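S.K.: Turn this into a structure:
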Amino acid sequence: MQGQVAIVIGASPDGIGGASARQLSLLGATVVTSSRNKGEESQQAANAFAAKLKEETGSEVNWIPTDVTDENSVKALIDETIQRFGRIDTVSYKSRCKGRYCILENVRSTNATNA
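M.R.: Okay, here's the model as predicted:
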């Protein structure tokens, strides 16, 4: 993965997306983490996670807020990644439901946005 550019959509620090981002950065990839921006607190947490990975691994790690249910937001993620790094080599999509049960509406939304 050395020198490759990877996007991890759904890269929360405590989930499989965060673990994927960490592993890719350990392997030398430039990693763009992506998740919804749910306000200043989530933005700070996402930026702090990217900075922590960068410090721990020495790889370039950035966060770009993206709502995968919004086509323009996804296009902006792709465009900004290519603008910054010149290409995209791999995309990893991770999603999860919080809480004990996911209601059918959440499952349908998740399935509709899976790539």
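S.K.: How about the secondary structure of residue 7?
M.R.: strand (DSSP: H, G, I helix; E, B strand; the rest coil).
S.K.: same question but for residue 92, I mixed them up
M.R.: Strictly by three-state DSSP, residue 92 counts as strand.
S.K.: give me the beta-bridge partners of the nearest residue to it once chain neighbours are set aside?
M.R.: Ranked by CB to CB, 6 or more residues apart in numbering and with sequence neighbours excluded, the top spatial neighbour of residue 92 is residue 8, at 4.8 Å. All C-beta spots, glycine's among them, are computed from the backbone N, C-alpha and C. For residue 8, the beta-bridge partners are residue 33, residue 92 (DSSP bridges).
S.K.: Which parts of the chain are strands?
M.R.: Ranges of strands in the chain, per DSSP state E, are 5-9, 30-35, 61-65, 90-93.
S.K.: For the ones you listed, give me CSV that also has mean pLDDT, distance to residue 77 and mean neighbour count.
M.R.: Below are the strands of the chain laid out as CSV (pLDDT from 0 to 100; distance: least, CB to CB, whole Å; neighbours: other CB atoms under 10 Å):
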stretch, mean pLDDT, distance to residue 77, mean neighbour count
strand 5-9, 95, 7, 25
strand 30-35, 92, 6, 28
strand 61-65, 92, 5, 21
strand 90-93, 90, 9, 16
